[in-house]
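Undergrad: A predicted structure for the sequence below; I have some questions about it.
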Amino acid sequence: MPTLEDYVAGAVVANAIAWIVLFGLAGDSYLLILSYTVGATLAGFLMARKASGENFWKVGLKGGMGAFVLHIFLITAVEVVMKVKIWPLEAHVTVLSIFLLGGVLGALLFSFARRGGAPKSG
């Protein structure tokens with residue numbers, strides 16, 4: 001079962017890839033969406049490795065929500081310090097859906113790789 005530290009590490013991984021792309025390449029929104037998706041999927045995969053008896057979708061959803069909370073914290077901190085509004089609400093909703101779906105997808109991929117077939121449902 002993943003610990004709180006594992007979920008925090010997954011949230012950092014999910015956000016770090018996108019933030020590196022955001023500050024490094026600044027401009028291409030499709031690349032930013034792709035980087036959030038890759039980060040969330042990687043984080044879900046890595047967290048699912050720790051989940052021995054827990055269902056894959058629960059781990060993915062918890063990890064995705066944790067990644068979104070960290071994302072909101074970071075964006076809000078930047079907005080407060082710079083005194084500007086960076087992203088509209090629609091962008092945050094998109095990032096939330098990417099984190100949730102990417103986390104579940106990563107955990108599902110680990111479930112397929114581990115069992116060599118259908119995931120454990122429940």
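TA: Sure thing, it's come through. Keep in mind that what you see is a predicted model, and the values were worked out from it rather than measured.
Undergrad: what's the burial count for residue 90?
TA: When neighbours are defined as other C-beta atoms under 10 Å, residue 90 has 8 of them. In this view, the C-beta of every residue, glycine as well, is placed from N, C-alpha and C.
Undergrad: Residue 34 versus that one, what's the distance?
TA: Counting by C-beta to C-beta, to the nearest Å, the gap from residue 90 to residue 34 is 18 Å.
Undergrad: Same question for residue 75.
TA: According to C-beta to C-beta, residue 75 stands 19 Å off from residue 34.
Undergrad: do the same with residue 13
TA: Counting by C-beta to C-beta, the gap from residue 13 to residue 34 is 15 Å.
Undergrad: Looking at the two, which one has more neighbours?
TA: Neighbours were counted for residue 13 and for residue 34 using other C-beta under 10 Å; residue 13 has more, 19 against 15.
Undergrad: per-residue confidence at the residue of the chain positioned farthest from its centre?
TA: For the chain, the residue at maximal distance from the C-alpha centroid (C-alpha atoms, centre = their mean) is residue 83, at 26.4 Å. Per-residue pLDDT puts residue 83 at 86.
Undergrad: for it, phi and psi?
TA: For residue 83, the backbone dihedrals (degrees, to the nearest 10) come out as phi 60, psi 40.
Undergrad: Surely residue 65 and residue 97 touch.
TA: No - assessed by C-beta atoms under 8 Å, residue 65 is found out of contact with residue 97, at 11.5 Å.
Undergrad: When the two are compared, which one has more neighbours?
TA: Neighbour count, other C-beta under 10 Å: between residue 65 and residue 97, residue 65 has more, with 16 against 12.
Undergrad: Show me what the host helix or strand of the more buried one packs onto, helices and strands only.
TA: Following DSSP states H and E, one finds residue 65 within helix 56-82. Packing partners of helix 56-82 (3 or more C-beta pairs under 8 Å, 6 or more residues apart in numbering; DSSP states H and E): helix 4-25, helix 29-50, helix 89-115.
Undergrad: Residue 69: which of those is closest?
TA: helix 4-25 (7.1 Å; C-beta to C-beta).
Undergrad: Show me which residues of that closest one are buried.
TA: Within helix 4-25, the residues that qualify as buried are 6-7, 9-15, 17-19, 21-22, counting by 16 or more other C-beta atoms under 10 Å.
Undergrad: I'm done for today, thanks for sticking with me.
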